[in-house]
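Chemist: coordinates only, sequence not included:
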């Protein structure tokens, strides 16, 4: 079963996305802050991580950097899912190793699901 780690501090969005992915047959693991997200990524080794940038304790950029510098987690696909949409943030995330960068307001929930499915299938 494909595992998705959802690192998102907005509980409503986390629950909604978690429900959608669960209905599609994915195992969903949740973290409300960057620190817990990083620990769960190392412990659970998910197939994909949906990672917000603005998080308590550790930013998404810090989590991404740690993941990509660790030989156990560097190959996990990481999708940045955030409200930050400036070019510098997109470039930073991609240069740190993110698979793709999605701005929350640009995608419907079904759009996020479709993007994630395509990434997992690759």
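Modeler: Alright, I've got the coordinates. Since the model is a prediction, treat every value here as computed from it, not as a measurement.
Chemist: beta partners for the residue positioned nearest the centre of the chain?
Modeler: Computing the C-alpha centroid of the chain and ranking residues by C-alpha atoms, centre = their mean puts residue 50 first, at 1.4 Å. For residue 50, the beta-bridge partners are residue 6, residue 79 (DSSP bridges).
Chemist: next one: phi and psi at the residue nearest to residue 48 when sequence neighbours are not counted?
Modeler: Nearest-residue entry for residue 48: residue 77, 4.6 Å, with adjacent residues in sequence omitted and distances by C-beta to C-beta, 6 or more residues apart in numbering. The way it works is simple: take the backbone N, C-alpha and C, and place the C-beta from them, glycine included. Residue 77 has phi and psi values of phi -70, psi 130 when expressed as degrees, to the nearest 10.
Chemist: my guess is residue 77 contacts residue 119, does it?
Modeler: Yes. Judged on C-beta atoms under 8 Å, residue 77 makes contact with residue 119 at a distance of 5.6 Å.
Chemist: can you list residues touching both of those two?
Modeler: Counting by C-beta atoms under 8 Å, 6 or more residues apart in numbering, the residues touching both residue 77 and residue 119 are 48, 99.
Chemist: Noted, bye for now.
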